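Chemist: Sequence below, structure please.
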Amino acid sequence: MTTPSPSAPSTSNVNVVNGNGNDNPSAIKIIIVGAGFAGLTAALELSRKGFSVLLLEKASVLSQLGDIISFGQNSSRFFHNWPGIWDKLSPIIHKAEEVHYHDWTGKFVTTQSFKEEHAAWGPRVNGHRGEIHKILFDFAKEQENIEILLGKNIVDYFESEDGESAGVRTDQGEVFTADLVPAAEGVRSRGRKLVLGFEDKPLPSGYAVYRAWYPADKLLENPITKHLVENGDSHYAWIGRDVHFLSAAIHDGKQMSWVCTHKDEGDIEESWTFPGDYRDVVTLLEGWDPVVTELVKATPEDRLFDYKLVFRDPLPRFVSLPVEGRGGGRTALIGDAAHPFLPTSIQGASQAMEDGVVLAACLDVVRGDKKRVKEAVKVWEKLRYDRVHEVQKTGVQTREQWHKADWEAIWKNPESMHLKREQWILDFDAEKDAYERYESVKKELDL
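Modeler: Predicted coordinates for the structure are as follows:
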């Protein structure tokens, strides 16, 4: 396998539109809550455009947790905005350019190649969530106009009655105020209550996903699994009745990541993540291809987790409204706080990054004019709302495509099993779109 070319369509120039001639973006004070991919992207893009940002993160220490994560071409283009990042990503990303599909017994169905889309739209970025996150986080720490405070557990969001400021309180009684507070701390963000006006709870999706990542040494020694890793990176899929299993060998075949999405009726009140037991997975996959069973059995006990897949009904808004006691318009939900994605969408991280990039572009339009912050945030919400919800739907569509598969039809047309790789999602420059459509959306909103 060859590494996809690192050249990607360049994003538009910073400050294509300047709203009022004031070239002092640091006059607008911004506090971002949450240092995940949405929060980091927003911080890095705002920094690139000259804004000063305070980034608050609940964790006291950021460890490299997680497993494989995917960024489509619509978001991988953003890595090129930040000097040196692509060079650091290239050695660690997944280099397989095709996925081999099988039925649950191991019978080969079809191969889907991504070479054409790489040539047309640029490369994807697939890799270990923790490794990619550390690269971005370390880069953010180097930026003079990004201040990062760890160990800040936010227990409350608030806005002033006159509508001139917003802020947060920590569990230690600290208070931070700003002109704008993007909440990027995930589906349990307390910012959701302020924006919605009520406490919403996660709903069970009916599915969970076993996830694992571990060294591939034993797989190379096992004749049943050797072919998955001996030639470097690889990508395989097995599709069963209401279950699917994906494997990805990465780091030149030296590491293995696998995921298994399955039906689940478990309680999500106490925790959404549970330690997994390989025996439960083996029982679930009884009668499946021995390759799959061996992958599960080779998993170290501390490297297997069972994630409950939860969802939220689409939110009526991403930005706070004015109500009695607060002015509204200065708290915005971004990333999973606004729109959690199913893994089968393969777009959760990408849409989180789009949120951050578009928010920075909209604020770049108004630059240092504090009076236009609310305008910029409302335009951002309009630019993002319909697109992100349309992309969300693809997660359910892909899951149903595999889990409710019509095998008689598949054997007649094997390519019907392929992941849908849609141009309107992947060949899209969110930053360029924001600059180009800002004024028309502003006019549409009558701002």
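Chemist: any chance you could map the helices in the stretch 251-400 of the chain?
Modeler: Taking DSSP state H, counting those that start in this stretch, the helices of the stretch 251-400 of the chain run over residues 278-284, 290-297, 348-366, 373-403.
Chemist: what about the third one, average pLDDT?
Modeler: Looking back up the chat, that one is helix 348-366. Over the span of helix 348-366, the pLDDT mean works out to 97.
Chemist: wait, Leu149 sits on Ala59?
Modeler: No - with contact defined as CB atoms under 8 Å, Leu149 and Ala59 do not form a contacting pair (11.2 Å). The way it works is simple: take the backbone N, C-alpha and C, and place the C-beta from them, glycine included.
Chemist: so what sits against both of those two?
Modeler: Residues touching both Leu149 and Ala59 (CB atoms under 8 Å, 6 or more residues apart in numbering): there are none.
Chemist: one step back: relative to Asp179, which of the helices of the stretch 251-400 of the chain is closest?
Modeler: helix 373-403 (5.3 Å; CB to CB).
Chemist: which residues does the closest residue to Val61 other than its chain neighbours contact?
Modeler: Once flanking residues are discounted, Val61 sits nearest to Leu150: 7.1 Å by CB to CB, 6 or more residues apart in numbering. Shown in contact with Leu150 (CB under 8 Å, 6+ apart): Glu57, Ala59, Ser60, Val61, Leu62.
Chemist: what about 7 Å?
Modeler: Glu57, Ala59, Ser60 (CB atoms under 7 Å, 6 or more residues apart in numbering).
Chemist: At the geometric centre of the protein, which residue do we find?
Modeler: Ala349 (1.3 Å; CA atoms, centre = their mean).
Chemist: ok, and the closest non-adjacent residue to that one?
Modeler: Spatial nearest neighbour of Ala349, chain neighbours left out: Phe37 (5.1 Å); criterion: CB to CB, 6+ apart.
Chemist: Quick check: that neighbour touching Gln351?
Modeler: No - using CB atoms under 7 Å, Phe37 makes no contact with Gln351, being 9.8 Å away.
Chemist: how far out from the middle of the chain is stretch 394-411?
Modeler: Averaging C-alpha positions (CA atoms, centre = their mean, to the nearest Å) puts stretch 394-411 23 Å from its chain's average.
Chemist: Looking at it now, give me its mean pLDDT.
Modeler: 90.
Chemist: List the buried residues in it.
Modeler: Thr394, Gly395, Thr398, Arg399, Gln401, Trp402, His403, Ala405, Ile410 (16 or more other CB atoms under 10 Å).
Chemist: what residues does that stretch touch?
Modeler: Contacts of stretch 394-411 (CB under 7 Å, 6+ apart): 109, 239, 242, 244, 261, 341-342, 344-345, 347, 416-417, 419-420.
Chemist: can I get the helices of the stretch 251-400 of the chain in TSV with distance to Ala43?
Modeler: Below are the helices of the stretch 251-400 of the chain laid out as TSV (distance: least, CB to CB, whole Å):
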stretch	distance to Ala43
helix 278-284	38
helix 290-297	37
helix 348-366	8
helix 373-403	15
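Chemist: Packed most tightly, which of the ones you listed would that be?
Modeler: Greatest average neighbour count among these goes to helix 348-366 (a mean of 27), per mean count of other CB atoms under 10 Å.
Chemist: outside of whichever helix or strand Leu228 is part of, which residues touch it?
Modeler: Assigned by DSSP states H and E, Leu228 belongs to helix 226-229. Contacts to helix 226-229, defined as CB under 7 Å, 6+ apart, come from residues Ala216, Leu219, Leu220, Ser234, Tyr236, Ser247, Ala249, Gly253, Met256.
Chemist: Toward the C-terminus from that helix, list the very next helix or strand.
Modeler: strand 234-239.
Chemist: Is Asp156 bridged to anything, and to what?
Modeler: Arg169 (DSSP bridges).
Chemist: What's the local residue count around it?
Modeler: Residues lying near Asp156 (other CB atoms under 10 Å) number 14.
Chemist: which residues does it contact?
Modeler: Neighbours of Asp156 in contact, by CB under 7 Å, 6+ apart: Val168, Arg169, Arg190.
Chemist: Is it correct that the first one is in contact with Lys152?
Modeler: I take that to be Val168. No - applying CB under 7 Å, one finds Val168 not in contact with Lys152, separated by 8.3 Å.
Chemist: In terms of neighbours, single out the busier of these two.
Modeler: A direct count of neighbours by other CB under 10 Å for Val168 and Lys152 places Val168 higher, at 24 against 20.
Chemist: Look up how far Leu56 lies from the more buried one.
Modeler: 7 Å (CB to CB, to the nearest Å).
Chemist: what does Ala120 give?
Modeler: Counting by CB to CB, the gap from Ala120 to Leu56 is 40 Å.
Chemist: And these two? Which one has more around it.
Modeler: Between Ala120 and Leu56, counted using other CB under 10 Å, the more crowded position is Leu56 (25 against 11).
Chemist: List the backbone torsions phi and psi for the more buried one.
Modeler: phi -110, psi 130 (degrees, to the nearest 10).
Chemist: Give me the nearest residue to it, chain neighbours excluded.
Modeler: Leu56 sits nearest to Lys152 (CB to CB, 6+ apart), 4.2 Å away.
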